[in-house]
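# Give me the fold of what follows.
(2 chains)
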Amino acid sequence: MISQNLNFFLIFLSAMIVNNILLMRFIALCSFFGISNNMQASVGMGFAVIFVMIMATTISWLVYHYLLVPFDLLYLRTASFILTIATFVQLEEMVIRKLFPPLYRSLGIYLPLIVVNCAVLAAAFLVIDYNLGFLKSLVYTLGVGAGYFFAIVMFAGIRERVNLAPIPKSFQGYPIAFITASLMSLAFLGFKGLFGL
Amino acid sequence: MKKGLLHELTKGIIEENPILIIMLGLCPTLAVSTSAANGLGMGAAFCFVVIGSNLVISLIRSIVPSQIRIPVYITVISTFVTIVDYALKAYLPLLSRSLGVFVPLIVVNCIVMGRAEAFASRNGVAASLMDGIGMGIGFTLIITLLGAVRELLGNGTVFGFPVLPSAYQPFLLFILPPGAFLVIGFMMAAQKKFFQKGGAR
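Below you'll find the model as predicted:
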């Protein structure tokens, strides 16, 4: 597991590649298979996830360490995290729409989808489980988000090519997508054990 | 009416199987199915949550204003998830450790939310209960099967009992992440071939 004295760069790489959230941890697969039909949508979703994830981890880290721990309310962890994140995504959507209209136009439809994207909640939980400090949590989350972006964009590219290939009828669509993902995951498995994590 | 209820129960098992057909709830399915026992444990936890939340949501559906229904559903679901999480930690610490972060993640499991939104909020208590049980069974069945296949190929055992002759060289890949994608890909293709009328959609 991640030890306390790893430096920031290693934390980032480990979160992004060695423990890639999609291919190694199987988190957020619904959006991975649902959206990766389309390259542009994948890029949009990737950016939206990075953005929301960083904000959500910041908030939930503060809620956990300054609200739940001092008042001995640890059993409310799941409920409080998901509610904070849901509220926060809503708030964020309004703020972005008001202040940065171009950004809103490009991320727009993906923001609400993220509430049910388990990657965001998982990042918040993992940071707490690994007991990381505030700055390290942010770096870790950035790594997780970057890993998500990296994997989904690559996968979208491969799927665009696969769609043109002649495939047996019963494998068309999702089955072949899973087998593609399996091969990608195999490639990522090669990074396992890097940095002794 | 009786036939209707029975249909709600059975449709989740094959016809509208949450994993293979609706393609929801993939994350825990693939991640924890490294062995048949893990799959069964996750399936049981999931059953409890989906049955409980379907029941409660169908009871309160008429008093919840539609604007705030999503947060209300999330609160209901997360209550059940917390119960399961703590119960597992107390009584089955080993299973709880191997399921890890995926137990709290049932909260954002799209099946639970999807059934709450698509079914329990529009149907009566009895039908929602049946729907919850059916979905739970369908999910458990697939996740246990997936776990059993991976355990068999990757370790030569099922539920911890040796099945294949000891000369069998375990194919470790199936316990590792790529194996999960591979097996579910083949399961989906098989399901498409044998159960879907008219072949590919």
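# Please count neighbours and contacts with C-alpha atoms only from this point.
Fine.
# so the residue sitting nearest the centre point of chain B, which of the three states?
Nearest residue to the geometric centre of chain B (CA atoms, centre = their mean): B:Phe139, 3.2 Å. With DSSP: H, G, I helix; E, B strand; the rest coil as the basis, B:Phe139 sits in helix.
# Tell me who's in contact with it.
B:Ile13, B:Asn17, B:Pro18, B:Ile19, B:Gly43 (CA atoms under 8 Å, 6 or more residues apart in numbering or on different chains).
# Let's see that with 10 Å instead.
B:Phe139 makes contacts with B:12-14, B:17-20, B:24-25, B:29, B:39-40, B:42-44, B:46-47, B:111, B:133, B:145, as judged by CA atoms under 10 Å, 6 or more residues apart in numbering or on different chains.
# now A:Ala156: how far from A:Ala146?
15 Å (CA to CA, to the nearest Å).
# same check, this time on A:Phe88
Taken as CA to CA, the span from A:Phe88 to A:Ala146 is 21 Å.
# again, but for B:Phe46
30 Å.
# Quick check: what element follows the helix or strand of chain A with the lowest mean pLDDT along the chain?
Ranked by mean pLDDT, DSSP states H and E, the weakest helix or strand in chain A is helix A:110-114, scoring a mean of 66. Per DSSP states H and E, the first helix or strand lying C-terminal to helix A:110-114 is helix A:118-129.
# hmm, that next one touching chain B?
Yes. Applying CA under 10 Å from any CA of the partner chain, one finds that helix A:118-129 is in contact with chain B at A:Cys118, A:Ala119, A:Val120, A:Leu121, A:Ala122, A:Phe125, A:Leu126, A:Asp129.
# between the residues you listed, which is closest to chain B?
A:Cys118 (5.7 Å; CA to the nearest CA).
# Just give the number of residues close to the closest one.
By the measure other CA atoms under 10 Å in any protein chain shown, the count of residues near A:Cys118 is 24.
# again with B:Ile68
B:Ile68: 9 surrounding residues under other CA under 10 Å.
# For the residue nearest the centre of chain A, which residues are in contact?
Residue closest to the average C-alpha location in chain A (CA atoms, centre = their mean): A:Ala119, at 4.0 Å. By CA under 10 Å, 6+ apart, the contact list for A:Ala119 reads A:21-22, A:25-29, A:31, A:49-50, A:53, A:125, A:144-145, A:148, B:27, B:105, B:108.
# Out of the helices and strands in chain B, which is least certain?
Result, chain B / mean pLDDT, DSSP H and E: helix B:2-11, a mean of 68.
# ok, and what's touching that one?
With CA under 10 Å, 6+ apart as the test, helix B:2-11 has contacts from B:1, B:16-18, B:126-138.
# re the thing from before, and the residue nearest to the centre of chain A, how far is that from A:Phe32?
11 Å.
# For the two, list the residues in contact with both.
In contact with both A:Ala119 and A:Phe32: A:Leu22, A:Phe26, A:Tyr148, using CA under 10 Å, 6+ apart.
# Next, the second one: secondary structure please.
The reference is to A:Phe26. Following three-state DSSP, A:Phe26 is assigned to coil.
# Leaving out the residues flanking it, which one is nearest to it?
B:Cys27 (5.1 Å; CA to CA, 6 or more residues apart in numbering or on different chains).
# next one: whichever strand or helix holds the one you found to chain centre, how far?
In the assignment (DSSP H and E), B:Cys27 maps to helix B:26-32. Centroid separation for helix B:26-32 versus its chain: 9 Å, with CA atoms, centre = their mean, to the nearest Å.
# is it true that B:Asn17 touches B:Gly138?
Yes. Using CA atoms under 10 Å, B:Asn17 is in contact with B:Gly138, at 5.6 Å.
# Neighbour count: the two, which is higher?
Taking other CA under 10 Å, B:Asn17 and B:Gly138 do not tie; B:Gly138 has more neighbours (25 against 22).
# these two touch, right, that one and B:Leu40?
No. If you go by CA under 10 Å, B:Gly138 and B:Leu40 don't touch, sitting 11.7 Å apart.
# Just the pLDDT at B:Ile77, thanks.
For B:Ile77, the pLDDT comes out at 85.
# ok, now A:Phe155?
Looking at A:Phe155, its pLDDT reads 87.
# roughly how far apart are it and A:Phe33?
Counting by CA to CA - A:Phe155 and A:Phe33 are separated by 9 Å.
# So for those two, which residue has more residues nearby?
Neighbours per residue, other CA under 10 Å: of A:Phe155 and A:Phe33, the larger number sits with A:Phe155, 22 against 19.
# if we can go back for a sec, more neighbours: which of B:Phe46 and A:Ala146?
It is B:Phe46, of B:Phe46 and A:Ala146, that has more neighbours when counted by other CA under 10 Å, with 27 against 22.
# Next up, the contacts around that one.
Applying CA under 10 Å, 6+ apart, the residues near B:Phe46 are B:28, B:40, B:52, B:80-81, B:84, B:103, B:106-107, B:109, B:111-112, B:135-137, B:139-140.
# and it, what element?
Using DSSP H and E, B:Phe46 falls in helix B:36-60.
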